[in-house]
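S.K.: Okay, predicted coordinates and the sequence, questions at the end:
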Amino acid sequence: MIAVHPFSLRTVFLAKHAQHVVLVHFPIALFITGVAFDLFSRREPASTLAGAAYLNLSLAALSVIPVAATGLLAWHLVLEGQPLKGLLLWHLIAASTAMLLVIASWWVHWRARKSQPLALPPYRIPLELLGVAVIALAAHLGGFLSGINA
């Protein structure tokens, strides 16, 4: 068995799937925090909490792009592009759906910010909560794929 130093830059940057495993935590945390801020700001849509919700949702939508790219790259590097099946296929479906829900949630807020006064549609809350649930499912499946939930 080869010993790996935890601070080795070679390990960090050249591991076949390390970047995906590290980057995936950013959109998860940003989105869940944004949803929480949005829930707390429901009574005052123009509050500071609503601004924090929008900022977190914007950063989450921006950060899902490199996460998706590194996930696809990990599939090609680790499995050499083999056809997806089983748990990996379910993870891809859940993660793709989560990505679309994160971007859709941000888009709803972005469109509402163009209107004066700020009028956030009520359907955004179920959309965001569905996004949190699908993210949890994708993360759970990803944990099994990485060996953490084994």
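M.R.: Noted; the coordinates are in hand. Nothing here was measured: the structure is a model prediction, and the numbers come from that model. Numbers count the residues shown, from 1 in each chain.
S.K.: Could you use CA atoms for every contact and neighbour count after this?
M.R.: Noted.
S.K.: How many residues are close by Lys114?
M.R.: 10 (other CA atoms under 10 Å).
S.K.: Determine the set of other helices and strands touching the strand or helix carrying Ala50.
M.R.: Ala50 is part of helix 48-78 when elements are defined by DSSP states H and E. With contacts taken as 3 or more CA pairs under 8 Å, 6 or more residues apart in numbering; DSSP states H and E, helix 48-78 sits against helix 18-23, helix 25-40, helix 86-113.
S.K.: right, so these: which one is the most enclosed?
M.R.: helix 25-40 (a mean of 20; mean count of other CA atoms under 10 Å).
S.K.: Could you list the residues in contact with that helix?
M.R.: 49-50, 52-57, 59-61, 63-64, 102, 125, 128-129, 132, 135 (CA atoms under 8 Å, 6 or more residues apart in numbering).
S.K.: Spatially, what comes nearest to Ala53 if we skip its sequence neighbours?
M.R.: Gly34 (4.2 Å; CA to CA, 6 or more residues apart in numbering).
S.K.: actually Ala46, not the one I wrote
M.R.: Leu118 (6.5 Å).
S.K.: List the residues that contact that neighbour.
M.R.: 45-46, 112.
S.K.: For Glu44, grab phi and psi.
M.R.: In terms of degrees, to the nearest 10, the main-chain angles of Glu44 are phi -130, psi 90.
S.K.: What separation is there between the residue lying closest to it once chain neighbours are set aside and Leu87?
M.R.: Among residues not flanking Glu44 along the chain, Ala50 sits closest, at 7.7 Å (CA to CA, 6+ apart). Distance, Ala50 to Leu87, using CA to CA, to the nearest Å: 37 Å.
S.K.: Check Leu62 too.
M.R.: In terms of CA to CA, Leu62 sits 26 Å off from Leu87.
S.K.: Over to Glu44?
M.R.: 42 Å.
S.K.: His20 too?
M.R.: According to CA to CA, His20 and Leu87 sit 17 Å apart.
S.K.: hmm, which helix or strand of this structure has the shakiest average pLDDT?
M.R.: helix 9-14 (a mean of 55; mean pLDDT, DSSP states H and E).
S.K.: Point out where the chain drops to low pLDDT.
M.R.: Within the chain, the segments meeting pLDDT under 70 span 1-18, 147-150.
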